[in-house]
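J.: Model the following, please.
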Amino acid sequence: MNHNDQPLYRFSEAPIWELQRAYFEEQGIEAWQNEEVPQYITNNPVIATAYAEIIFGFLQDRARLGNAGEPVTILELGAGSGRLAYYVLKALTELIDYAGIELPPFRYVLSDLPVKNVAYWQQHPSLQPFVQQGKLDFAKFDAVQDSELHLTQSGDTIRRASLKQPLLLVANYFFDSIPQQLIYVDEGSIFECRVSFPLMAEDEAAAEPDMLGKMVPEYHYRRAAEYEEESYRYKAVLELYKQQLEDSHILFPEIGMDCLERLGGLSQEGFVLLTADKGDHRLDNWAFAEPPKLIHHGSFSLTANYHAIEKAFEQKGALSHFTEHHYKNLNVGCILMLQNPLGYAQTRLAYRRFVDRFGPDDFFSMKLWFDEHLDQMELSPIIAFWRLSLYDSQLFLQSAKRMLLLLSEAGDEEAEDLRQGIYQMWDGYYPMNEKHDLALDCGMLLYQLELYEDARIYIERSLKDNEGTAETLYSMAICCYETGSEAEASEFARFALALEPEHEEAKALLALFG
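T.: Sure thing, here's the model as predicted:
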């Protein structure tokens, strides 16, 4: 096929989007379990707690406005593994219980396109208590076309104007991963960028499963006067681009904004959007922008155009909050598409405290520094950073080896802080069948601190799911011995010797029992 025969696509209709959709529908939860798709930056306790604080503020605002009786629906879009929802639900319920004030009830709805993801959430043991309490439900949702939500657990259907409270939306790494338009602005005119894939035969996309990683786009330009017509619903945003930009490629989230319009229509009172992505709300960062490059990580992602979303809804009366400072890795925003959004003081104050002053992006920047310098850090600052992460399990896993090396420095107070931190971490842990053994790392650290009763709990958890090494079994034997269970200590020592007949410590322990 020669160059002129290459099919041209509107960017939003290019085969990359169907391949993206097919990838997630095929992989399901495995896309996150095998770590092909990055998730930590938007699925950790810090960002979840920031969201929980903002939602808590919103519930207070609605109660103050006299709307404490009607339930608030919180809808997470593109929810993936479900880990963020678990962290948010845990933090939010703890805030509500601690405050002890009258607030509207809430229902959190996890949604995504792949049916496999919905099935995974339905069987996840960490989510079941929230389902049983009526606080969690699930829905399959296609951002491109759906205008209703069919909830799997309650059987409810949320239709246009059926919600009496504003809809609260959570959308992390969402707008960068759904179809977008691509336009080019120069000399006061709008051009549409169409795309071809010269290295791909017309029928190859469906035939080769890893084709997505091989597709390199080539761009073609045509004058697009339709974007400048009065009838085009986002004309005012594009007028800004025409007036203020030149030689600039703009990813335009038309489908994302349409999706927000459809979802906002489910409520009689508008919506609030909590969102985090790599993408900017400042027009300067779109000036002289080059054509986009597909960033591949199993699937692919682009840059989210928060500027367009912000301006489109501000023109309808929304109030937007993004950080005063520039983001480095993750831009976190809050858009209040409500009547009198300035009246939502607790919502806006929570954003100021938990995002603008020091937020998820700041934490992640510090986490990158922590990753590079962990091997030089002492025990006390490692514990302090773990506390700052709200006892994040991933941070503990990468730190456990270093902490074990430093335990000789630990005094009684640090040992107690480690013990308490481990219990808090485990209480908030969301397992995803990962390769690591968190319970064993917890148990061995407590064992080295000679906290045998606590260590026994975690080593037992590890042995329940894993065969265990001779060293693990011997450690369990010592825990049993130190807590007065001599028969079990003898049994575990024999297990250790069955795996490693020359294990001297296990032999010595058995000798104590005659």
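
J.: alpha carbons only for contacts and neighbour counts from here, please
T.: Will do.

J.: And the strands in the stretch 351-500 of the chain?
T.: Remark: no strands are assigned in the stretch 351-500 of the chain by DSSP state E, counting those that start in this stretch.

J.: likewise the stretch 51-200 of the chain?
T.: Using DSSP E, counting those that start in this stretch, strands in the stretch 51-200 of the chain cover 72-77, 106-112, 136-140, 149-150, 157-158, 167-172, 181-186, 189-196.

J.: Parallel or antiparallel, list what pairs with the last one.
T.: In the sheet containing strand 189-196, the strands it pairs with under DSSP bridges are strand 9-10 (antiparallel), strand 181-186 (antiparallel), strand 218-223 (antiparallel).

J.: which residues does Gly279 contact?
T.: 303-306, 330-331 (CA atoms under 8 Å, 6 or more residues apart in numbering).

J.: show me what contacts Ile250?
T.: By CA under 8 Å, 6+ apart, Ile250 lies in contact with 182-185, 286, 289, 305.

J.: Now the two most distant members of those residues.
T.: Between any two of the contacts of Ile250, the greatest separation by CA to CA is 14.8 Å, found for Val185 and Asn305.

J.: picking that back up, want to try a markdown table for the contacts of Gly279, with neighbour count as columns?
T.: As requested, those are exported to a markdown table (neighbours: other CA atoms under 10 Å):
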| residue | neighbour count |
| --- | --- |
| Thr303 | 20 |
| Ala304 | 27 |
| Asn305 | 25 |
| Tyr306 | 26 |
| Leu330 | 23 |
| Asn331 | 23 |
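
J.: quick one: which of the residues you listed is nearest Ile459?
T.: Distances from Ile459 to the contacts of Gly279, taken as CA to CA, are shortest for Leu330 (37.0 Å).

J.: show me what contacts that closest one?
T.: Leu330 sits next to 41, 276-279, 360-361 when contact means CA under 8 Å, 6+ apart.

J.: Could you single out the most deeply buried of the strands paired with strand 189-196?
T.: Counting by mean count of other CA atoms under 10 Å, strand 181-186 has the highest mean neighbour count of the strands paired with strand 189-196, with a mean of 22.

J.: Can I get that one as PDB, trimmed to CA atoms?
T.: This file holds the C-alpha atoms of strand 181-186, laid out as PDB (Å, rounded to 0.1, in the frame of the first residue of the first chain):
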ATOM      1  CA  GLN A 181     -10.000  15.100  19.100                       C
ATOM      2  CA  LEU A 182      -6.800  16.600  17.900                       C
ATOM      3  CA  ILE A 183      -6.800  20.100  16.500                       C
ATOM      4  CA  TYR A 184      -4.100  22.400  15.300                       C
ATOM      5  CA  VAL A 185      -4.300  26.200  15.800                       C
ATOM      6  CA  ASP A 186      -2.300  28.600  13.700                       C
END
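
J.: The stretch 251-400 of the chain: helices as residue ranges?
T.: Here the stretch 251-400 of the chain has its helices, by DSSP state H, counting those that start in this stretch, at 254-264, 306-314, 345-351, 360-373, 379-388, 393-406.

J.: Select, out of those helices, the one closest to Glu505.
T.: helix 393-406 (20.2 Å).

J.: Pull the contacting residues for Gly82.
T.: By CA under 8 Å, 6+ apart, the neighbours of Gly82 are 110, 121.

J.: try Gly256
T.: Contacts of Gly256 by CA under 8 Å, 6+ apart are 143-144, 175, 178-180.

J.: Can you flag the buried ones in those residues?
T.: Burial by neighbour count, 16 or more other CA atoms under 10 Å: within the contacts of Gly256 this picks out 143, 175, 178-180.

J.: Would you format those as a markdown table with pLDDT and distance to Arg233 included?
T.: A markdown table is the format used below for these (pLDDT from 0 to 100; distance: CA to CA, whole Å):
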| residue | pLDDT | distance to Arg233 |
| --- | --- | --- |
| Ala143 | 94 | 18 |
| Phe175 | 94 | 19 |
| Ile178 | 91 | 19 |
| Pro179 | 92 | 18 |
| Gln180 | 92 | 16 |
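
J.: coming back round to it: what's the closest of the strands paired with strand 189-196 to Arg83?
T.: Closest to Arg83 of the strands paired with strand 189-196, according to CA to CA: strand 181-186, at 30.2 Å.

J.: And the contacts of the closest one?
T.: 10-12, 190-194, 221, 241-242, 245-254.

J.: any idea how far Ala477 is from Leu510?
T.: 10 Å (CA to CA, to the nearest Å).

J.: Spatially nearest residue to Tyr86, not counting backbone neighbours?
T.: Leu127 (6.6 Å; CA to CA, 6 or more residues apart in numbering).

J.: pLDDT value on that neighbour, please?
T.: What the model reports as pLDDT for Leu127 is 98.

J.: isn't it right next to Trp121, touching?
T.: Yes. Using CA atoms under 8 Å, Leu127 is in contact with Trp121, at 7.0 Å.

J.: check contacts around Asn44.
T.: Listed by CA under 8 Å, 6+ apart, the contact set of Asn44 reads 83-84, 87, 392.

J.: swap that for Pro104, sorry
T.: Contact analysis of Pro104 by CA under 8 Å, 6+ apart lists 59, 62-63, 67-72.

J.: burial measure for the nearest residue to it once chain neighbours are set aside, as a count.
T.: Once flanking residues are discounted, Pro104 sits nearest to Ala68: 4.1 Å by CA to CA, 6+ apart. With neighbours defined by other CA atoms under 10 Å, the count for Ala68 comes to 18.

J.: and the gap between Ala68 and Gly333?
T.: Using CA to CA, Ala68 is found at 26 Å from Gly333.

J.: Save the strands of the stretch 51-200 of the chain as JSON lines, and put in distance to Ser231 and mean pLDDT too.
T.: Output for the strands of the stretch 51-200 of the chain, formatted as JSON lines (distance: least, CA to CA, whole Å; pLDDT from 0 to 100):
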{"stretch": "strand 72-77", "distance to Ser231": "29", "mean pLDDT": "98"}
{"stretch": "strand 106-112", "distance to Ser231": "32", "mean pLDDT": "97"}
{"stretch": "strand 136-140", "distance to Ser231": "32", "mean pLDDT": "98"}
{"stretch": "strand 149-150", "distance to Ser231": "29", "mean pLDDT": "97"}
{"stretch": "strand 157-158", "distance to Ser231": "30", "mean pLDDT": "98"}
{"stretch": "strand 167-172", "distance to Ser231": "28", "mean pLDDT": "98"}
{"stretch": "strand 181-186", "distance to Ser231": "18", "mean pLDDT": "93"}
{"stretch": "strand 189-196", "distance to Ser231": "15", "mean pLDDT": "91"}
